[in-house]
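Enquirer: Fold the following and give me the result.
(2 chains)
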Amino acid sequence: MAPPSQASPFLKNPPVIHLWSQTLIPTMREAPAEAETPSHVLLLRAGYVRKLGAGIYDYLPLAQRVLTKIATIVRQEMDAAGSREVLLPAMLPIELYKDTRRDVDYGDLLFKVSDRKGAVCALGPTHEEPITEAVKGSVTSYKQLPLSLYQIQTKFRDEARPRAGLLRCREFIMKDAYTFHTSVEGVGGLNEAYDRMYAAYVNVFTRCGLDFTVVEAESGPIGGSASHEFMVNAESGEDTILKCPVSGYAANVEKCEIGERPRGTLQEAPSGELTEVHTPNLPGIDEVGKFMKVKPDRMLKSIVFRIVEHGEGSAGMTWVVAVVRGDHDVNEGKVKTAAGAKKIELAPEKEARSAGFAIGYVSPKTVNSVPGTMLLIDPDVSGGGFWASGSDKADHHVKHFNWRREVGAKLDDPRYVKLADVRNALAGDPSPRAKDAKLVTGRGIEVGHIFKLGTKYSEAMGLTVLDETQQRRTVIMGCYGIGVSRAMASSIEQNHDADGIVWPAPIAPYHVIITTLKAEHMTVAEKLGAELAAAGCEVLIDDRDERPGVKFKDADLIGVPVRIVIGDKALAENAVEFKPRKSKDKPVNVPMGEVVAKALEALGA
RNA sequence: CGGGGUGUAGCGCAGUUUGGUAGCGCGUUUGACUGGGGGUCAAAAGGUCGUGGGUUCAAAUCCCGCCACCCCGACCA
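Expert: You can find the predicted model right below:
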């Protein structure tokens, strides 16, 4: 399209009528062997992306158009939520991370480059530090707050295992927003901004046509439900989410609470005499169970954690042993909370061994044998009956473990022994929010995450303002992310069929594809394209000299919502063939004069 | 980081066991016929066989090292 001949101070979008022959859409008949998930296969096959390396992709013209549309929706909603766009460097001097120690904590996930002088820069994986630094340099008074800033930018994370095409990349496009406050509550406070962001995110993902679930995620330092994840419901998702069908409660598996479960008294009688069994060279609990002829749900799994930072409940303790059923998974966050500690870690094997833990064969009895050990017992293992357990001795387990007989008096000392929910929730567990309701599970792709940061970064980096009483106050922050490139792939996970992608109109690369069957149809195609463009449609004309079958297959593959075919049959009655991509019906003839209205209707405009 | 697997033309693969002229399908180019759901015929272009070394008269093939990529797991503000 020719540019406007006169320079105008107001930029307007020129009409979009693109020719297939003049863009780059390298569709493929066969999917590359490396791709497995639907979005990965289709993005490659339909010519949206090309892989350059593990987790590194070219965005070809179609992908770039979709990304731009998602980014536009994000910008509109961020702007409406009172956030202002910035663009910070992707290349960040490593010194920026010294105060927050994330150069260490982030570890290998951080990409690093060095300049000619040997100075090291990190490629930004997220931007809490640089944004805090930027605000620190320009905000000094409470009168300048609250403030909300966002950017859309390429991020870099050296993922241990990139996978599934755009769903987990090492280089990806993200929107990250940060808000700054002097208070948590009240007008201008963090909670208000958080709620606005929450609403903006709902708008963004709804407008993108995504089917999503908002789940509670791990709590921030402020407590309560201080973090939410926006999960696109898809089988290929990496995250497990749990929902209560009655109350609407939803959470990710790390966070999900479990309702009241039956529990034992720790007073039950033994099921038999404690018997030691030699179990050599068995790698896991399943193998041990098979060898001992004990089902995993009658085995005790005792996992040792070390307290890294003490909290109110963990004084005097060094180790925490969490005991769950053999077929259950220990939840580190719940262990931390139940232990009353601020930070824990899976016990380093070497140190745990020298303290007296027979790693791999630990039993709850270690609460008596290793000083400074706290025992957390999950309700599901707190009862009587038969239990098998480690024996605190390499290559040996015991049968007929009994709480009272084996552990004894310490069971009654709440400083040392607690009954607590310390495992991951499972489908069928009681809901924490509705009586008699049971949790159900689903898979999700995390496309958004909002988080109340509190003062973690502002305190470490010294971001303060003077308040109305001339007191220095540490600024309170929130951060909010959207995976833009991941959202594109997520949409395909939800919107595809055997023939290809089926885009929702708001983020489709084009609204209408005009397929010509003969070269002499181009005049009609261009005239119709201009009419559609004038009505606001973005049009792709497939002008290639290909056989009709090829063009139909490609049109379906790339997933443009409305297809118009120009061919002799319909032209004879001054009409074109019209077919929405998502419709299973045969194309219908639409008179030339009604095409634009019909297209707008099909697009939901 | 642990386990499994793969590197041969733009894509999908065979050839490797048993060393001896690098092949097939799709795609691409040219021409003809064709023309409504991935056409037919004819001709053609395109490959340091991931990479470095070794063995051998001779290596895609055997040996050693390295690299890249995929899948499962661990990990994932």
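Enquirer: how many other residues sit next to the closest residue to RNA strand B within the stretch 501-605 of chain A?
Expert: Here the stretch 501-605 of chain A gets closest to RNA strand B at one residue, A:Gly567, 2.0 Å apart by C-beta to the nearest atom of the strand. The C-beta positions use only the backbone N, C-alpha and C, and glycine is treated the same way. As a burial measure, A:Gly567 scores 15 neighbours (other C-beta atoms under 10 Å).
Enquirer: List the contacts of it.
Expert: Counting by C-beta atoms under 8 Å, 6 or more residues apart in numbering, A:Gly567 touches A:517-518, A:521, A:548, A:577.
Enquirer: list the contacts for the closest residue to A:Ile25 other than its chain neighbours?
Expert: In space, A:Ile25 comes closest to A:Gly47 once its chain neighbours are excluded; the distance is 4.3 Å by C-beta to C-beta, 6 or more residues apart in numbering. Neighbouring residues of A:Gly47 by C-beta under 8 Å, 6+ apart: A:24-28, A:60, A:62, A:558.
Enquirer: Excluding residues flanking it in the chain, which one is nearest A:Thr474?
Expert: Nearest non-adjacent residue to A:Thr474, counting by C-beta to C-beta, 6+ apart: A:Thr455, 4.7 Å away.
Enquirer: Give me the buried subset of the contacts of A:Gly567.
Expert: Applying 16 or more other C-beta atoms under 10 Å to the contacts of A:Gly567, the neighbour count classes A:517, A:521, A:577 as buried.
Enquirer: The stretch 301-450 of chain A against RNA strand B: which residues are in contact?
Expert: A:His449 (C-beta under 7 Å from any atom of the strand).
Enquirer: quick one: which of the contacts of A:Gly47 sit in helices?
Expert: A:62, A:558 (DSSP state H).
Enquirer: Go back to the contacts of A:Gly47 and keep what's next to RNA strand B.
Expert: A:27-28.
Enquirer: Tabulate the contacts of A:Gly47 (CSV), appending pLDDT and neighbour count.
Expert: What follows is the contacts of A:Gly47, written out as CSV (pLDDT from 0 to 100; neighbours: other C-beta atoms under 10 Å):
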residue, pLDDT, neighbour count
A:Leu24, 93, 10
A:Ile25, 94, 20
A:Pro26, 92, 11
A:Thr27, 92, 17
A:Met28, 90, 12
A:Leu60, 93, 18
A:Leu62, 96, 26
A:Ile558, 95, 26
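Enquirer: A:Val104: which of the contacts of A:Gly47 is nearest?
Expert: A:Leu60 (38.1 Å; C-beta to C-beta).
Enquirer: Verify the contact between the closest one and A:Leu24 for me.
Expert: Yes. Counting by C-beta atoms under 8 Å, A:Leu24 is a contact partner of A:Leu60 at 5.6 Å.
Enquirer: Can you give me every residue that contacts the closest residue to RNA strand B within the stretch 301-450 of chain A?
Expert: Going by C-beta to the nearest atom of the strand, RNA strand B is nearest to A:His449 of the stretch 301-450 of chain A, at 5.1 Å. Contact analysis of A:His449 by C-beta under 8 Å, 6+ apart lists A:217, A:227-230, A:480-481.
Enquirer: Give me the average confidence score over whichever strand or helix holds it.
Expert: A:His449 belongs to strand A:440-454 when assigned by DSSP states H and E. Mean pLDDT, computed over strand A:440-454, is 89.
Enquirer: list the buried ones in it?
Expert: A:441-442, A:444-454.
Enquirer: So which bits of the helix or strand containing A:Val576 are buried?
Expert: Using DSSP H and E, A:Val576 sits within strand A:575-580. Of the residues in strand A:575-580, A:575-580 count as buried by neighbour count, 16+ other C-beta under 10 Å.
Enquirer: how about it as PDB, C-alpha atoms only?
Expert: Extracted as PDB, the C-alpha positions of strand A:575-580 are listed here (Å, rounded to 0.1, in the frame of the first residue of the first chain):
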ATOM      1  CA  ALA A 575     -21.100 -14.300  -5.800                       C
ATOM      2  CA  VAL A 576     -18.200 -15.800  -3.900                       C
ATOM      3  CA  GLU A 577     -17.900 -18.800  -1.700                       C
ATOM      4  CA  PHE A 578     -17.800 -18.100   2.000                       C
ATOM      5  CA  LYS A 579     -16.700 -20.300   4.900                       C
ATOM      6  CA  PRO A 580     -15.800 -19.600   8.500                       C
END
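Enquirer: Which is the succeeding secondary structure element to it?
Expert: Next element after strand A:575-580 (DSSP H and E): strand A:588-591.
Enquirer: Now do the helices in the stretch 201-350 of chain A.
Expert: A:285-292, A:332-339, A:349-355 (DSSP state H, counting those that start in this stretch).
Enquirer: Check the stretch 1-150 of chain A too.
Expert: According to DSSP H, counting those that start in this stretch, the helices that the stretch 1-150 of chain A contains are A:38-45, A:61-80, A:102-105, A:128-138.
Enquirer: between the last one and strand A:440-454, how big is the angle?
Expert: I take that to be helix A:128-138. For helix A:128-138 against strand A:440-454, the angle by axes from the mean of the first three to the mean of the last three C-alpha atoms, to 10 degrees is 30 degrees.
Enquirer: How about the first one?
Expert: Angle of helix A:38-45 versus strand A:440-454, following the same axes, to 10 degrees, is 80 degrees.
Enquirer: Show me what helix A:38-45 packs onto, helices and strands only.
Expert: strand A:49-53, helix A:484-494, strand A:496-497, strand A:500-501 (3 or more C-beta pairs under 8 Å, 6 or more residues apart in numbering; DSSP states H and E).
Enquirer: how about a cut-off of 10 Å?
Expert: For helix A:38-45, the elements it packs on are strand A:49-53, strand A:56-59, helix A:61-80, helix A:484-494, strand A:496-497, strand A:500-501, helix A:548-558, judged by 3 or more C-beta pairs under 10 Å, 6 or more residues apart in numbering; DSSP states H and E.
Enquirer: Can you tell me which of the ones you listed is packed in deepest?
Expert: Among these, helix A:484-494 has the highest mean neighbour count (mean count of other C-beta atoms under 10 Å), at a mean of 26.
Enquirer: Pass me the low-pLDDT residue ranges in the stretch 101-250 of chain A, would you?
Expert: For the stretch 101-250 of chain A, applying pLDDT under 70 flags the ranges A:219-225.
Enquirer: If we use 90, what do you get?
Expert: Applying pLDDT under 90 to the stretch 101-250 of chain A flags the ranges A:101-121, A:137, A:159-165, A:213, A:215-227, A:229, A:234-250.
Enquirer: ok now the strand holding A:His449, how far from the chain's centre?
Expert: Relative to its chain's centre, strand A:440-454 lies at 6 Å (C-alpha atoms, centre = their mean, to the nearest Å).
Enquirer: which other residues reach the following helix or strand past that strand?
Expert: Using DSSP H and E, the helix or strand that follows strand A:440-454 towards the C-terminus is helix A:456-461. Contact with helix A:456-461 is made by A:96-102, A:128-129, A:131-133, A:135-136, A:178, A:180-181, A:220-221, A:463-465, A:473-477, A:479, as judged by C-beta atoms under 10 Å, 6 or more residues apart in numbering.
Enquirer: got the contact list for the residue in the stretch 351-500 of chain A that RNA strand B sits nearest to?
Expert: At 4.4 Å from RNA strand B, A:Gly481 is the closest residue in the stretch 351-500 of chain A, using C-beta to the nearest atom of the strand. A:Gly481 sits next to A:126-127, A:150, A:155, A:174-178, A:201, A:229-230, A:446-451 when contact means C-beta under 10 Å, 6+ apart.
Enquirer: can you rerun that using 6 Å?
Expert: A:174, A:176, A:449 (C-beta atoms under 6 Å, 6 or more residues apart in numbering).
Enquirer: can you count the residues close to A:Lys435?
Expert: Neighbours of A:Lys435 (other C-beta under 10 Å): 10.
Enquirer: quick check, it in a helix?
Expert: No. The assignment for A:Lys435, made by DSSP: H, G, I helix; E, B strand; the rest coil, is coil rather than a helix.
Enquirer: Excluding chain neighbours, what is closest to it?
Expert: According to C-beta to C-beta, 6+ apart, the nearest residue to A:Lys435 is A:Gly259 (7.9 Å).
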